[in-house]
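Asker: Next comes the sequence, and after it the predicted model I'd like to discuss.
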Amino acid sequence: MKKKAFQAAFPYTLPICAGFLFLGMSYGLLMKSKGFSLFYPMVMSMVIFAGSMEFVTANLLVSAFHPLHAFFLTLMVNARHLFYGISMLGKYKNMGWKKLYLIFGMCDESFSINCTVDPPPGVDRGWFMLFVTLLNHIYWVTGSVLGALLGYAVRIDMTGIDFAMTALFLVMFTDQWEKTRNHKPALTGLGCSAACLAVFGSGNFILPSMACIILCLLANRKTNDKEAGEQ
C-alpha cells in the first residue's frame, strides 16, 4: 500500500523538486550571507516550512526584536493557508495520525496536488497525500542545506541574493495577470501598497498595505454579492 502510494505521488512532485531545490538553495545562501550557521536554515526549513516566511524571517532575526510585529507579519504573509485548510477539511477527514502532518506540511504546491489529483485506483488517498507532502518537505529542506553548504564551500558574492523571493512573487504576479481577465484584485494590491508606502515609508508599509488589501477585497466581494442578488 505504501509503496504504491509513493510511486503514484513521486512523479507529481518532480516539477516541484526543481523549483524547491533552487529556491531552497537561495534561502540557504541568504542565511549564510547573514552570518547564520548551517543549523539555522536546516532547522527553520524543517519546522517553519513556509518559503516566503522563511525569507522574511532571515531579516527579522537580524533586526530589532518586535514579537507583535513578527506575529502579525507572519499571519498576513501566510493568511492564505487559512482558506487552504478550510477547503481541505473534507479530504483530511478520517486520516488518523496522518492529518497532523498533512496540516503542518501543507504548502501551496502540496495543496495544489492534493486538492486536484485523484490517486490511481488501488492507491490509498491518505498515503498518497502524505507522500506528496513529505517529498515536497524533503526537497525544500535539502535545497536549504545545500545552499548553506555551498556558501561555506565557495566564496560567492551574495549581493542581491535576498531578491530571489521578490523575483518569485513578480513571476507569480505576471503569470496570474496573464491567466485572468479580472485585474481588479491585482490593481487593488498595487494601489494599496503604493499608498501605504507613501504614507508609512518603506520600513513600515507591509502590514498596513496587507490589511488595506484584505479590507478592500472584502468590501468588493460584498458589493459583487449584492449586485448578484439584485440581478
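Answerer: Received, thanks. Numbering: from 1, shown residues only.
Asker: Which elements pack onto the longest helix seen in the chain?
Answerer: Identified as the longest helix of the chain according to DSSP state H is helix 2-33. Counting contacts by 3 or more C-beta pairs under 8 Å, 6 or more residues apart in numbering; DSSP states H and E, helix 2-33 packs against helix 39-47, helix 51-60, helix 108-116, helix 125-153, helix 164-179. All C-beta spots, glycine's among them, are computed from the backbone N, C-alpha and C.
Asker: Those: lowest mean pLDDT?
Answerer: Ranked by mean pLDDT, these end with helix 164-179 at the bottom, a mean of 69.
Asker: what's the most buried one of the helices and strands packed on helix 2-33?
Answerer: Counting by mean count of other C-beta atoms under 10 Å, helix 125-153 has the highest mean neighbour count of these, with a mean of 21.
Asker: I'd like to check the angle between that one and helix 51-60, please.
Answerer: On the basis of axes from the mean of the first three to the mean of the last three C-alpha atoms, to 10 degrees, helix 125-153 is oriented at 40 degrees to helix 51-60.
Asker: list the helices and strands helix 125-153 packs on?
Answerer: Counting contacts by 3+ C-beta pairs under 8 Å, 6+ apart, helix 125-153 packs against helix 2-33, helix 39-47, helix 98-104, helix 108-116.
Asker: mind listing what's buried in the third one?
Answerer: Yep, that's helix 98-104 we're talking about. For helix 98-104, burial by neighbour count (16 or more other C-beta atoms under 10 Å) applies to Lys98, Lys99, Leu102.
Asker: One more: the longest one?
Answerer: Of the residues in helix 2-33, 5-6, 8-9, 12-13, 16-17, 19-21, 23-33 count as buried by neighbour count, 16+ other C-beta under 10 Å.
Asker: relative orientation of it and helix 108-116 in degrees?
Answerer: Using the same axes, to 10 degrees: helix 2-33 against helix 108-116 is 160 degrees.
Asker: From the chain's centre, how far out is helix 2-33? Work that out for me.
Answerer: 13 Å (C-alpha atoms, centre = their mean, to the nearest Å).
Asker: average pLDDT across that helix?
Answerer: Mean predicted confidence for helix 2-33 is 89.
Asker: Report the angle between it and helix 39-47.
Answerer: Going by the same axes, to 10 degrees, helix 2-33 makes 140 degrees with helix 39-47.
Asker: Now the terminal residues of stretch 94-112, how far apart.
Answerer: Distance across stretch 94-112, first residue to last, is 20 Å (C-alpha to C-alpha, to the nearest Å).
Asker: On the three-state scheme, Ala64 is what?
Answerer: coil (DSSP: H, G, I helix; E, B strand; the rest coil).
Asker: Going forward, count from 334.
Answerer: Sounds good: first residue 334 from here, last item Ala397.
Asker: burial measure for it, as a count.
Answerer: For Ala397, the tally of surrounding residues (other C-beta atoms under 10 Å) stands at 6.
Asker: mind checking the backbone torsions on it?
Answerer: When quoted as degrees, to the nearest 10, the phi and psi of Ala397 stand at phi -60, psi 150.
Asker: Dump stretch 459-471 to PDB, keeping only the CA atoms.
Answerer: What follows is stretch 459-471, C-alpha atoms only, in PDB (Å, rounded to 0.1, in the frame of the first residue of the first chain):
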ATOM      1  CA  GLY A 459      -4.200   9.200   2.800                       C
ATOM      2  CA  TRP A 460      -0.800   7.800   2.000                       C
ATOM      3  CA  PHE A 461      -0.800   9.400  -1.400                       C
ATOM      4  CA  MET A 462      -1.300  12.900   0.100                       C
ATOM      5  CA  LEU A 463       1.200  12.100   2.900                       C
ATOM      6  CA  PHE A 464       4.000  11.200   0.400                       C
ATOM      7  CA  VAL A 465       3.200  14.300  -1.700                       C
ATOM      8  CA  THR A 466       3.600  16.500   1.400                       C
ATOM      9  CA  LEU A 467       6.600  14.600   2.700                       C
ATOM     10  CA  LEU A 468       8.500  14.700  -0.600                       C
ATOM     11  CA  ASN A 469       8.000  18.400  -1.000                       C
ATOM     12  CA  HIS A 470       9.100  19.000   2.500                       C
ATOM     13  CA  ILE A 471      12.300  17.000   1.900                       C
END
